[in-house]
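Participant: Just a sequence and a predicted model for now, questions to come.
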Amino acid sequence: MKQKRSLPLQIEFFPIPLEAREPIHLHARDELSDRPITFLHFHRCLELGFCHSGHGIFMISDKVRTFEAGDAVVIAPGEPHLARSAPGTRSRWSWIYLDPARLAAPGSVDPLWLDTAAFHGPDFPDVFSALRHPELACAVDRLVTELSSRSPGRSVLLRALVLEILVRAGRLGSHSRGGGKRGLGLPPDYARLAPALQKMACDYAEPLRMSALAKRCGLSEPQFRRVFRAGMGCSPLAYLHDLRVRMAAALLRGTTQSVLEISLETGFESVSSLHRAFRARLGTSPRVWRRKTDER
């Protein structure tokens, strides 16, 4: 029977109204379910998020990032995205929507740092670990706290925190490379690779054949491998294994499930196959990694 070519995930526009007087809005303590990602959405404003508890994955354009408690996310205007908690769990987030250019006092800051185009593209991290980027994650957490208060000087501190976040994120984006490419949104190979990337993000724990993924993209298997490596910087199989390891790491840190349960839940055939992949990518065994993260 002829296999139908899968369509890319539907992308929907979610409008976020912002007040003219204070163009920043907080949606606090939102519970994120483990429902599979079946569509992406985007906004016309900058979105920041802080994960208070839980773990899971974020799909942002063609990128798949894992998250855990204490992490922050920075999503550029117009960037398609959606998140889900790990299977059988729920995470809690606070979301901030804002227009940095309108929020900043006119003429008070170099417009370069208000340009959110630096937050687009395949090299931008999007999800900022509290371990690797503590200053940025802490600034987003403090912004959530300040937005929840009505303390004197609130508006001044809001602007200061937003500028700190923009500068710290901008240093990791195209601003750190002298400007780079601006306003690109989706990477050039996204349209061709999207069906395969979305299948991996949604069904990473299932057996996935490279030939079937190639067919989803309308490519032969050699073409698929070539286009994938050119666009993502690695082979399709390496990308899939890396995604499975990152999800296993999130479950090791955020749950009390056994290593065997986690290996089966994240697409590994056995504990030994998880051990091999984990050691190859993180340089240690799952049990040692869990013990070290518990000690932090």
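Facilitator: It's in.

Participant: Which neighbouring elements make contact with the helix or strand of the chain with the lowest mean pLDDT?
Facilitator: None of the helices or strands of the chain scores lower by mean pLDDT, DSSP states H and E than helix 190-203, at a mean of 77. Other elements packing on helix 190-203 under the criterion 3 or more CB pairs under 8 Å, 6 or more residues apart in numbering; DSSP states H and E are strand 55-60, strand 63-68, helix 210-216, helix 221-232, helix 236-254. From N, CA and C alone the C-beta is placed, and that goes for glycine too.

Participant: How far does it sit from its chain's centre?
Facilitator: Relative to its chain's centre, helix 190-203 lies at 15 Å (CA atoms, centre = their mean, to the nearest Å).

Participant: next one: stretch 32-43
Facilitator: 12 Å.

Participant: oh, and call the first residue 2 from now on, that's how I've got it
Facilitator: From this message on, residue numbering opens at 2, which makes the last subject stretch 33-44.

Participant: Need the contact partners of that stretch.
Facilitator: The contact list for stretch 33-44, computed with CB atoms under 8 Å, 6 or more residues apart in numbering, reads 10-17, 55, 57-58, 60, 78-94, 98, 199, 202-203.

Participant: Point out the ones among these that are inside strands.
Facilitator: Among the contacts of stretch 33-44, the members falling in strands (DSSP state E) are 11-14, 57-58, 60, 82-86, 92-94, 98.

Participant: Out of these, which end up buried?
Facilitator: Buried subset of these (neighbour count, 16 or more other CB atoms under 10 Å): 57-58, 60, 82-86, 92-94, 98.

Participant: Closest to residue 31 out of those?
Facilitator: Nearest to residue 31 out of these is residue 94 (CB to CB; 5.1 Å).

Participant: tell me the contacts of the closest one?
Facilitator: Counting by CB under 8 Å, 6+ apart, residue 94 touches 30-31, 33, 50-53, 84.

Participant: just residue 171 next, same as before
Facilitator: Counting by CB under 8 Å, 6+ apart, residue 171 has contacts 113-114, 116, 119-120, 177.

Participant: change it to 6 Å
Facilitator: Taking CB atoms under 6 Å, 6 or more residues apart in numbering as the criterion, residue 171 is in contact with 114, 119.

Participant: Distance of it relative to residue 160?
Facilitator: Using CB to CB, to the nearest Å, we find residue 171 at a distance of 16 Å from residue 160.

Participant: for residue 206, same thing?
Facilitator: Per CB to CB, residue 206 is found 44 Å from residue 160.

Participant: Tell me how many other residues crowd residue 118.
Facilitator: 20 (other CB atoms under 10 Å).

Participant: Ok, residue 66 next?
Facilitator: 20.

Participant: That one reaches residue 60, doesn't it?
Facilitator: No - counting by CB atoms under 6 Å, residue 66 sits too far from residue 60 to count as a contact (8.0 Å).
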